[in-house]
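Asks: Fold the stuff below for me.
(chains A and B)
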Amino acid sequence: MQTTLQSDSTQNETTKRTETFVQTFSKSHTGLVGFWMLVIVVVAAVFAPWITPYEQSSSTSVGVEDIYQPPSVDHWFGTDDAGQDVFTNFIFGSRVSLTVGFFAAFISIMIGGLVGLIAGFFGGRWENTLMRFTDIMLVIPELPLLVVIVALTQPSLSNIILVIGLLGWTTTARVVRSQTLAVKSRKFVLRARAIGAGKFHILRRHILPLVMPILVIQAVLSISLAILNESTLSFIGLGDPAALSWGQMLNFAFGRGAMSAGAWWALVVPGFGIVWVVLSLTLLGQGLEQVLNPRLDTHHLMPGKPAIQKEAGAKPHHPDAVLEVQNLSIHYVNEGKKPARAVENISLTLRQGELLGLVGESGCGKTTLMLALLKLLPAAGQIVNGNIFYDGKDLAAMNEAELNQVRWSRISIVFQGAMNALNPVRTVGDQIAEAILQHDPSFAKDKIPARVSELLELVGITSEQRDHYPHQYSGGMRQRAMIAMALACEPQIIIADEPTTALDVMIQAQILELLDSLRKKLGLSVIFVTHDLGVVAELCDHVLVMYGGVTAEYAGVDVVYNDPKHPYTQELLKAFPDLTKPKKKLSSIPGYPPRLDNLPAGCRFAPRCPRAFAPCHITEPKLYTLKDNHAVSCHLIEGANAN
Amino acid sequence: MPTKLEKILEVQGLKKYFNAPRTSLFSREELHVHAVDGVNLTLRRSEVIALVGESGCGKSTLGLLLMGLEEPTDGSIIFEGQDITHLNDHERKSLRRKIQMVFQDPYESLNPTQTIGEIITEPLIVHGIGVNEQERHERVVKAMEDAGLKPADVYLNRYPHELSGGQRQRVVIAAALVLEPEILVADEPVSMLDVSIRAEVINLLAELRITRQIAVIFITHDLGSVGFFADRVAVMYLGRIVEIGTMLEVLEKPKHPYTRALLSVIPVPNPRLRHERIILKGETPNPINIPGGCRFHPRCPIAVDVCKISDPPMRDFSKMHQSACLLSDDSK
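Replies: A predicted model of the protein is given here:
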């Protein structure tokens, strides 16, 4: 009973996996076209005797008048030099081409796959020997070698298959090896070793399933390559005389005066067959790659039409603020998908010299909000409502040219993960100089080195390190360099998006101290984005807590930590380890943050909220403002002391 | 409490040197990265030790050494009286059941092509545990429920990408528990998770040490995250343990200036408790050229001349509290 259940569920699982594959594949138009093109050829090859009007090589009574007959009702594609029906030979020829293609590709894939797997997985001596051998094979021009070998052996179909297969595995070996290396270095392989799994188990269960997609794509491409090679060989007269392939049809037509006789059909028809099959396989390969190669995944989302419904004539409420965001909403709109309401109705005010902490968990929309401030959102991200006032002007309404006046020179960003944000092949000093010139081309060239040194000194990097490359810097230094770059044009506002997340506590403390001193020294306003409530408590003036794309709580730093009103803020603080009470058990918030394309009805925090009551699951709470501009979006506030 | 329990793991003078990449094509000088440079440590049954230090201090390498995923250069590891420093493949495999590991990144440490059921059953198949499908299934369900994946049926046929970070980390823990290990080496198991769900993974580990008597080595750069559940803390710097003691002793009376600095920079989520932070200059030096004398002296805020010459040994400050600093006095 139990076992049947088990096998039932595995079977279901396999069906489900196949289903999702088919679903994704059917969205790839190129792949589908290639697939059906190939199906036509395979059907034709299999049912050749039933499709063709004549038997193959049925040239019982060939008269001169039968040779090179133009297409007619009797001979759709005309006749060839031997008076045979070209259509019949064409259909039967597909059998030869496909046979060679499939079997030769099978040989190449088996050899290439094995060589690549062994070289990639075992490394060391194996890898050296196998890959050097592969390199030698790659250097030898394939076609001449093919010609020589086939010419020296019996030109039988099996020999041709063998030779093409044995020479065509090198690319597969290289591709499989690099994929194996990539998979091998992933953590789940280390975990499998930690479990105690042996090498062959790891190869079979962990490496092969992830190499398989690449192998399938390679197989499709190998078939088309093998068919092309066979055609070439046959065309130059090295084919198996007993098996009339398309290449051989070309050879005969070419060699026996089809050109001079004006019998174009004898050449065009087999040529068309070759092009058709190779094209179908190439398209199929492309389609498979789109589905099977995870790296190409997201690029196929098409941004949908925005639904902008902005109110005109909005004005900033706080003229003294350097940045004021009013009711900003951002949706990700992808064609054929539900829009994700990533940010909804966020308002914030940033004053001169203020450090605002923007706190939220992953996926709460905080990075989207920051990117929107400079309109750097990906194509699908649309500002659907709201205003961003900087210096009296609305950034949300600006065009690219106007925005470029503001980006970096007035408002700059320090990103998380400084290694990816720096160009590895140019010195740090060079990149800072470029940032200066980009925004101020009139900057005196001779003063640039001094300015670069000054900027680096400001962030605690000595001028000797100016000419170093990013890889010579440590993580903390790179983040300092990024800050120097952000300061290059003397901006008024710096947006720091999780600048310390990947860093150690001590380096984090150094960077925080640096940001704090810079804002005091230069009068900067800083928006500090983080998932870590503890980090911002140290230096912020105001804190905005985001949850599921909306403001949960927005207030002065002391209020947020010592008198929080939103249950999310309260629970988050309880989840935070407090070393002054080391033996206290940590509380966690049950459940997980909502997906922005599938938000719960009512308050977005309600499903995880310990104090939720009926209305919370029905209506979204509005943002209540308590004394001292303490903003909270929670139904519990109503009836209490709301205005 | 931990002193009464039997020792299950004893590490002595453990070293791991890696060959450093040569600085130039023609240099013949062989350089070594001193990743782990003489570590002594004992672990008792169901004890939780937090191994704390900055990146590059060797804490992760130490974890891999204990797991036998790296071969030590020198020193010994004794597990339940048996020397496990160097083992052949067969002995290593049977030992694997006893010492299991939880990795930092739950997104990377699960094979995306396996279902949760397959992932958690795999260790049983590898070790040939369970006479039939049904017995294995029961063990898998038990491990999943102990790891908080309840009810197990909901998760069995899902794929890792369908789960959240916290759930994935539970899957990793379940796949370790299914072998019924005695030691769990957890390498930064929560640093990739959101704050609101970190606590649940830590609480889960805290529960397991009680329900299953599992000893945990919790490797982290963030002392704050383990404060409440570790019995002892070992602070590592440049390949060595520079201070070790019970959690309370280390938190309240840190002896090593490095520990004091680390404690002072832990963010406190309350602006009213803003305090003086000891921010060390620079970063952990390159473990290829370990500074002479006390290895911490170039960054030490209180170093004196003698620190440049003499390498301080571990000194006892109480029965459970040792630190390697020449200057820390017993009264402090």
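
Asks: rest of the way, CA atoms for contacts and neighbours
Replies: Will do.

Asks: where along the stretch 401-550 of chain A do the strands fall?
Replies: Using DSSP state E, counting those that start in this stretch, the strands of the stretch 401-550 of chain A run over residues A:411-414, A:493-497, A:525-530, A:542-547, A:550-556.

Asks: Tabulate those strands in a markdown table, adding columns for mean pLDDT.
Replies: Below are these laid out as a markdown table (pLDDT from 0 to 100):
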| stretch | mean pLDDT |
| --- | --- |
| strand A:411-414 | 89 |
| strand A:493-497 | 92 |
| strand A:525-530 | 93 |
| strand A:542-547 | 95 |
| strand A:550-556 | 94 |
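
Asks: For B:Gln213, which of these is the nearest?
Replies: strand A:525-530 (36.7 Å; C-alpha to C-alpha).

Asks: Make a markdown table out of the strands of the stretch 401-550 of chain A and add distance to chain B.
Replies: Putting these into a markdown table (distance: least, C-alpha to the nearest C-alpha, whole Å) gives the following:
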| stretch | distance to chain B |
| --- | --- |
| strand A:411-414 | 21 |
| strand A:493-497 | 16 |
| strand A:525-530 | 11 |
| strand A:542-547 | 11 |
| strand A:550-556 | 10 |
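
Asks: Dump those strands to JSON lines, plus mean neighbour count.
Replies: Conversion of the strands of the stretch 401-550 of chain A to JSON lines gives the following (neighbours: other C-alpha atoms under 10 Å in any protein chain shown):
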{"stretch": "strand A:411-414", "mean neighbour count": "24"}
{"stretch": "strand A:493-497", "mean neighbour count": "24"}
{"stretch": "strand A:525-530", "mean neighbour count": "25"}
{"stretch": "strand A:542-547", "mean neighbour count": "24"}
{"stretch": "strand A:550-556", "mean neighbour count": "24"}
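
Asks: Now the host helix or strand of A:Ala45: average pLDDT?
Replies: If you go by DSSP states H and E, A:Ala45 is part of helix A:29-46. Helix A:29-46 carries an average pLDDT of 89.

Asks: So in chain B, which helix runs the longest?
Replies: Selection of the longest helix in chain B by residue count, based on DSSP state H, yields helix B:195-211.

Asks: which other residues reach it?
Replies: For helix B:195-211, the external contacting residues (C-alpha atoms under 8 Å, 6 or more residues apart in numbering or on different chains) are A:361, A:531-532, A:571-572, A:575-576, A:585-590, A:592, B:46-48, B:146-148, B:166, B:169-170, B:190-191, B:214-216, B:226, B:229.

Asks: on that earlier part again, please produce TSV containing the strands of the stretch 401-550 of chain A, extended by distance to B:Ala303.
Replies: Output for the strands of the stretch 401-550 of chain A, formatted as TSV (distance: least, C-alpha to C-alpha, whole Å):
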stretch	distance to B:Ala303
strand A:411-414	35
strand A:493-497	35
strand A:525-530	35
strand A:542-547	39
strand A:550-556	40
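
Asks: so where's the stretch 151-300 of chain A shaky on pLDDT?
Replies: A:293-300 (pLDDT under 70).

Asks: Give me every residue in it lying close to chain B.
Replies: For the stretch 151-300 of chain A, the residues in contact with chain B (C-alpha under 8 Å from any C-alpha of the partner chain) are A:186-191, A:193-198, A:201, A:206, A:209-210.

Asks: Tell me how many other residues crowd B:Asn88.
Replies: Using other C-alpha atoms under 10 Å in any protein chain shown, the number of residues around B:Asn88 comes to 8.

Asks: Following element in sequence after the longest helix of chain B, please.
Replies: Once the chain leaves helix B:195-211, the next helix or strand it forms, by DSSP H and E, is strand B:215-220.

Asks: Surely B:Gly75 is in a strand?
Replies: Yes. Assessed with DSSP: H, G, I helix; E, B strand; the rest coil, B:Gly75 lies in a strand.

Asks: Just the local confidence number for it, please.
Replies: Value for B:Gly75, per-residue pLDDT: 94.

Asks: all helices of the stretch 101-250 of chain B, in order?
Replies: Ranges of helices in the stretch 101-250 of chain B, per DSSP state H, counting those that start in this stretch, are B:116-126, B:133-146, B:152-156, B:165-177, B:195-211, B:247-252.

Asks: deepest of those, which one?
Replies: Sort these by mean neighbour count, taking mean count of other C-alpha atoms under 10 Å in any protein chain shown, and helix B:165-177 sits at the top with a mean of 26.

Asks: Give me every residue in the stretch 1-150 of chain B lying close to chain A.
Replies: Selection of the stretch 1-150 of chain B residues close to chain A by C-alpha under 8 Å from any C-alpha yields B:54-55, B:67, B:69, B:92-94, B:96-97, B:100-101, B:103, B:105, B:108-111, B:113, B:123, B:126-127, B:133-134.

Asks: Separate out the buried members of those residues.
Replies: Buried members of these, scored by 16 or more other C-alpha atoms under 10 Å in any protein chain shown, are B:54-55, B:67, B:69, B:92-93, B:96-97, B:100-101, B:103, B:105, B:108-111, B:113, B:123, B:127.

Asks: From the chain's centre, how far out is stretch A:222-239? Work that out for me.
Replies: Relative to the chain's own centre, stretch A:222-239 is displaced by 36 Å; criterion: C-alpha atoms, centre = their mean, to the nearest Å.

Asks: Contacts for that stretch, please.
Replies: With contact meaning C-alpha under 8 Å, 6+ apart, stretch A:222-239 is reached by A:97-98, A:100-102, A:104-105, A:108-109, A:143, A:147, A:150-151, A:155-157, A:160, A:164-165, A:168, A:240, A:245-251, A:274, A:277-278, A:281-282.

Asks: Buried subset of those residues, written for PyMOL?
Replies: This is the PyMOL syntax for the buried subset of the contacts of stretch A:222-239, where burial follows 16+ other C-alpha under 10 Å:
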select buried, chain A and resi 97+98+100+101+102+104+105+108+109+147+150+155+156+157+160+164+165+168+240+245+246+247+248+249+250+251+274+277+278+281+282
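
Asks: Which residues of the stretch 301-450 of chain A lie near chain B?
Replies: By C-alpha under 8 Å from any C-alpha, the residues of the stretch 301-450 of chain A that approach chain B are A:361-362.

Asks: Give the residue spans of the stretch 301-450 of chain A that score low on pLDDT.
Replies: Ranges of the stretch 301-450 of chain A meeting pLDDT under 70: A:301-313, A:335-336, A:417-419.

Asks: Now with 50, please.
Replies: Applying pLDDT under 50 to the stretch 301-450 of chain A flags the ranges A:301-302, A:304-307.

Asks: Then chain B?
Replies: Ranges of chain B meeting pLDDT under 50: B:1-2, B:331-332.

Asks: Pop out the phi and psi values for the spatially closest residue to A:Arg519 that is not a sequence neighbour.
Replies: Distances taken as C-alpha to C-alpha, 6 or more residues apart in numbering or on different chains put A:Gly353 closest to A:Arg519, at 6.1 Å, once the chain neighbours are dropped. Dihedral pair for A:Gly353: phi 70, psi 10, per degrees, to the nearest 10.

Asks: Kindly write the PyMOL command that selects the buried subset of the contacts of helix B:195-211.
Replies: To isolate the buried members of the contacts of helix B:195-211 in PyMOL, using 16+ other C-alpha under 10 Å:
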select buried, (chain A and resi 361+531+532+571+572+575+576+585+586+587+588+589+592) or (chain B and resi 46+47+48+146+147+148+166+169+170+190+191+214+215+216+226+229)
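
Asks: Which positions in stretch A:449-469 come out as buried?
Replies: Buried, per 16+ other C-alpha under 10 Å, within stretch A:449-469: A:449, A:452-456, A:458-459, A:461, A:463, A:466, A:469.

Asks: Have a look at those residues and tell me the least confident one.
Replies: Among the buried residues of stretch A:449-469, pLDDT bottoms out at A:Ser463, giving 81.

Asks: So that one versus A:Leu455, what's the distance?
Replies: Per C-alpha to C-alpha, to the nearest Å, A:Ser463 is found 10 Å from A:Leu455.

Asks: which other helices and strands contact the helix with the most length in chain A?
Replies: Ranked by residue count under DSSP H, the longest helix found in chain A is helix A:86-122. Applying 3 or more C-alpha pairs under 8 Å, 6 or more residues apart in numbering or on different chains; DSSP states H and E, we find helix A:86-122 packed against helix A:29-46, helix A:124-139, helix A:157-167, helix A:170-184, helix A:208-235, helix A:246-255, helix A:264-292.
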